[in-house]
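I'd like to go over a predicted model; first the sequence, then the structure.
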Number of protein chains: 2
Amino acid sequence: MADLPKTVDIFEEGPREGFQIEPGPIPTADKIALIEALSETGLHHIQICSFVNPRLVPGWADAEAVAGGFTPRQGVEYAALWFNENGLNRALAFRERLSMVGSISLAASNAFTLKNLNRDHQANLEAMRKQTAAHLRAGIPVTRVGVMAAFGCNYQGDITPEQIVSTVADGLAIAAEQDARITDVTLADTMGWATPIRIERGVGAVRERWPELRIGLHLHDTRGLAVANAHAGLRLGVQRFDATVGGLGGCPFAGQKGAAGNICTEELVLLCEEMGIGTGIDLDALIEVGRLAERIVGHQLPSELLRANSLDAFRRKAA
Amino acid sequence: MADLPKTVDIFEEGPREGFQIEPGPIPTADKIALIEALSETGLHHIQICSFVNPRLVPGWADAEAVAGGFTPRQGVEYAALWFNENGLNRALAFRERLSMVGSISLAASNAFTLKNLNRDHQANLEAMRKQTAAHLRAGIPVTRVGVMAAFGCNYQGDITPEQIVSTVADGLAIAAEQDARITDVTLADTMGWATPIRIERGVGAVRERWPELRIGLHLHDTRGLAVANAHAGLRLGVQRFDATVGGLGGCPFAGQKGAAGNICTEELVLLCEEMGIGTGIDLDALIEVGRLAERIVGHQLPSELLRANSLDAFRRKAA
């Protein structure tokens, strides 16, 4: 039997991921209702919005209204996303309500960086240097290196563990230049290329080089393998996972319009709890929130579990 | 690294599982078109129809027309399903075209047997005795014991590895009474209760007791864990899997109307091929057949991979 962790930390990103990709305008009140419902499930980390350019991402034109409008629940950390100094400054207006932590966000694929950010890896390193400095000036700690396209890339193909390690090293070098202390690395399967073996090799390579860093996984279910990949991570002792309720979100990248988004939070919770790994989350409550999310977006979400029910629901009936 | 097999045998059950659960009548010609398209993908085993009571399963009123109507491809084994002597006799009319092998089909849950077959486990054993005799009289070998609800049951709750072992032993005893030589056991997660740990424990218990038997897995994706469960099976060296293209089929059991059906063949093929396990199947061709299946049933199927594409398709573009 593998060395499964006793507990995991799940970072719910459904509100942020889900509402940026939906075509229709989602009312601010619905976004807030989802955030507040998620807050009641036992989740400790919820990413609530994205401070991005409203012309590029109209779904988050109301980021300020959401960040200022929801009622925080004690014990829950609320986070937001931003990609540049302008976004950071908008987020700082809510620093009393938000958990403000900076990341150095890179991609293991140069081709992805070019397509996604319109700059190459070197230029992205320079941008991250400036962004790290801006965070530190504002008193925001920079503690995480994120690696997108860590397990493969629609534009570049396969990514090796060596490329992951080299990308993490680039991020750590930026942090070191500015005396930022990195504690966490997140490996993101941005376009759904991971398999259990790639997870084992990628996580293994990073851990071997930097055993002191906590490794998190951000998994997409583009090809149906997200839960298997999460299980591979759990077997390696990974304790931090991003996820979205119902599988909210999607994949905006090449040739995958309509493809599934992130791993579903409720399927990840089921996997963990049924194997004795504590999540702190009430699965039945979370499934109800997934159904609320489906009503808000007005269509079925990818989660299979929303069509079934938790096993505990059947155990109670069978008993 | 686990002891992954070098190759696996995938038993495609999409036509049989899929068309029995769809509400609308599917034209016989469409069923045949799907079977013939599947035959071109490299699959070696395709279950094409079910010889069941047309009043109970109107979707298979045309079983004879399908079994007699498709053009077999050399090297592909075509199978059918039946549950009693009447069904067996109908299938025997096609013994030149069908691979005729008998199973002793039991369930690890007595409550499931009662609900599903309207008889208890003891009465089911008696029915299987008679059915085994009927097979042998007709010259049909009985080589497999199937265990439904092997990993849990909506009506009874959890199922222990000991209950699986005891059910297999009951099946083997029937075979032994009649000198039938069992080579295969299939453990079916009929209602989607399996987790990777339950797979490890259930498969492990059967293998420990009967190391000479080949173990197959029939997995349902009711709660999104099917691929993770298949991976757990692969790690134990399991080489036989049932699957349905696109995830055709569904779960007709308590409280799970609309729930997902079997593990998707194409996601299983992706998992295997990307980890170096040969399936003999052309994944891009299979994905196209999945899309054909969606056009035939007139709605989206659960497979996420149908919305994306194989990784090889992106590798070719990236190269």
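That came in fine, so what should we check first?

The nearest residue to A:G68 once chain neighbours are set aside: what's it in contact with?
Once flanking residues are discounted, A:G68 sits nearest to A:F94: 6.5 Å by CB to CB, 6 or more residues apart in numbering or on different chains. In short, each C-beta sits where N, CA and C put it, glycine included. Contacts for A:F94 (CB atoms under 8 Å, 6 or more residues apart in numbering or on different chains) come out as A:64, A:67-68, A:80.

Of the residues you listed, select the buried ones using a PyMOL command.
In PyMOL, this line selects whichever of those come out buried by 16 or more other CB atoms under 10 Å in any protein chain shown:
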select buried, chain A and resi 64+67+80
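
Quick one: find the helix or strand in chain A with the lowest mean pLDDT.
Ranked by mean pLDDT, DSSP states H and E, the weakest helix or strand in chain A is helix A:14-21, scoring a mean of 88.

Can you spell out which helices and strands pack onto it?
Under the contact criterion of 3 or more CB pairs under 8 Å, 6 or more residues apart in numbering or on different chains; DSSP states H and E, helix A:14-21 touches helix A:28-39, strand A:45-51, helix A:283-297.

can you list the contacts of A:F94 in a markdown table and add secondary structure and pLDDT?
Shown next, in a markdown table, are the contacts of A:F94 (DSSP: H, G, I helix; E, B strand; the rest coil; pLDDT from 0 to 100):
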| residue | secondary structure | pLDDT |
| --- | --- | --- |
| A:E64 | helix | 98 |
| A:A67 | helix | 98 |
| A:G68 | helix | 98 |
| A:A80 | strand | 97 |
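
can you put the contacts of A:F94 in CSV and add distance to A:G102?
As requested, the contacts of A:F94 are exported to CSV (distance: CB to CB, whole Å):
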residue, distance to A:G102
A:E64, 20
A:A67, 17
A:G68, 21
A:A80, 12
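
Just the closest of the contacts of A:F94 to chain B, please.
Closest to chain B out of these is A:A80 (28.1 Å), distances taken as CB to the nearest CB.

quick one: that closest one from A:F241, how far?
Remark: distance between A:A80 and A:F241 (CB to CB, to the nearest Å) = 19 Å.

same check, this time on A:N89
30 Å.

How about A:N262?
Distance from A:N262 to A:F241, by CB to CB: 10 Å.

If you count surrounding residues, which of those two has more?
A:N262 (31 against 25; other CB atoms under 10 Å in any protein chain shown).

do you know how far A:T7 is from B:A232?
A:T7 is 21 Å from B:A232, where distance means CB to CB.

Give me the neighbour count for A:A319.
Residues near A:A319, counting by other CB under 10 Å: 7.

I'd assumed B:G157 was in contact with it.
Yes - A:A319 lies in contact with B:G157 (CB atoms under 8 Å); the separation is 6.8 Å.

what's A:N86 in contact with, if anything?
A:F51.

Can you give me the domain assignment for chain A?
Split into domains by automatic domain parsing, chain A comes to A:1-100+A:244-249+A:266-319, A:101-238.

Which of these sits closest to B:V168?
B:V168 lies closest to domain A:1-100+A:244-249+A:266-319 among the domains of chain A, at 22.5 Å (CB to CB).

How much space separates A:F51 from A:H44?
Using CB to CB, A:F51 is found at 22 Å from A:H44.

which strand residues sit across from the residue in the stretch 51-200 of chain A positioned nearest to chain B in the sheet?
Per CB to the nearest CB, A:G157 is where the stretch 51-200 of chain A lies closest to chain B, at 3.9 Å. Going by DSSP bridges, A:G157 is paired in beta bridges with A:C153.

quick one: pLDDT of it?
Turning to A:G157, the model gives it a pLDDT of 96.

ok, A:T7 and B:A232, which is more surrounded?
It is B:A232, of A:T7 and B:A232, that has more neighbours when counted by other CB under 10 Å, with 28 against 10.

Contact partners for that one?
So B:A232 contacts A:231, B:196-197, B:199-200 (CB under 8 Å, 6+ apart).

Return the member of the residues you listed nearest to B:R137.
For the contacts of B:A232, the closest approach to B:R137 (CB to CB) belongs to B:I199, at 36.4 Å.

wait, isn't the closest one in contact with B:A226?
No - the criterion here is CB under 8 Å, and B:I199 misses it with B:A226 at 10.5 Å.

Comparing these two, which residue is more hemmed in?
B:A226 (31 against 27).

Now do the contacts for that one.
Going by CB under 8 Å, 6+ apart, the list of residues near B:A226 reads B:189, B:192, B:219-220, B:260, B:262-264.

and the stretch 151-300 of chain A, which of its residues are near chain B?
Applying CB under 8 Å from any CB of the partner chain, one finds that the stretch 151-300 of chain A approaches chain B through A:152-158, A:192-193, A:195-198, A:200, A:221-225, A:227-228, A:230-232, A:251, A:254-256, A:258-260, A:264, A:267, A:270-271, A:274-276.

Just the buried ones out of the residues you listed, please.
By 16+ other CB under 10 Å, those give A:152-158, A:192-193, A:195-198, A:200, A:221-225, A:227-228, A:230-232, A:251, A:254, A:256, A:259-260, A:264, A:267, A:270-271, A:274 as buried.

Show me where chain A has its helices.
For chain A, helices defined by DSSP state H occupy the ranges A:14-21, A:28-39, A:63-69, A:85-92, A:110-117, A:121-137, A:161-177, A:196-209, A:226-235, A:265-274, A:283-297, A:311-318.

Which of the ones you listed comes out lowest on mean pLDDT?
Among those, helix A:14-21 has the lowest mean pLDDT, at a mean of 88.

Give me the contact list for that helix.
A:26, A:31, A:34-35, A:38, A:46-50, A:52, A:57, A:59-60, A:66, A:80-81, A:243-246, A:248-250, A:252, A:261-262, A:265, A:293, A:297.

Return the set of buried residues in that helix.
A:14-20.

which one of those residues is nearest A:N116?
A:Q20 (14.2 Å).

Compute the distance between the residue of the stretch 51-200 of chain A closest to chain B and B:A29, please.
Going from A:G157 to B:A29 by CB to CB gives 40 Å.

tell me which residues in stretch A:175-187 are buried?
Of the residues in stretch A:175-187, A:175, A:180, A:182, A:185-187 count as buried by neighbour count, 16+ other CB under 10 Å.

per-residue confidence at the residue most central in space within chain A?
Centroid-nearest residue in chain A: A:D242, 3.9 Å away (criterion: CA atoms, centre = their mean). At A:D242, the pLDDT value in this model is 98.

With adjacent residues omitted, what lies nearest to it?
In space, A:D242 is closest to A:H218, 4.2 Å off (CB to CB, 6+ apart).

what's that neighbour in contact with, if anything?
A:146, A:186-190, A:241-242, A:262.

what's across from it in the sheet?
In this entry, A:H218 is beta-bridged to A:A188, A:D242, by DSSP bridges.

what's the distance between it and A:D30?
Look at A:H218 and A:D30: by CB to CB, they are 25 Å apart.

How about A:S99: what's its closest non-neighbour residue?
Ranked by CB to CB, 6+ apart and with sequence neighbours excluded, the top spatial neighbour of A:S99 is A:E77, at 4.2 Å.

Number of residues surrounding the one you found?
For A:E77, the tally of surrounding residues (other CB under 10 Å) stands at 14.

pLDDT score assigned to it?
pLDDT recorded at A:E77 is 98.

Then A:R95?
96.

try the one 5 residues further on
Model confidence at A:M100, expressed as pLDDT, equals 96.

Thought A:R295 was touching A:L34, still the case?
No - here A:L34 does not reach A:R295: they are 9.9 Å apart, not a contact under CB under 8 Å.

Which single one of the buried residues of stretch A:175-187 is nearest to A:L136?
Comparing the buried residues of stretch A:175-187 against A:L136 with CB to CB places A:A180 closest, at 6.4 Å.

Not counting residues beside it along the chain, what's closest to the closest one?
Nearest residue to A:A180, sequence neighbours excluded (CB to CB, 6+ apart): A:V142, at 4.1 Å.

now swap in A:L283 and tell me
A:S310 (4.7 Å).

Enumerate every residue touching that neighbour.
Per CB under 8 Å, 6+ apart, neighbours of A:S310: A:270, A:283-284, A:287.
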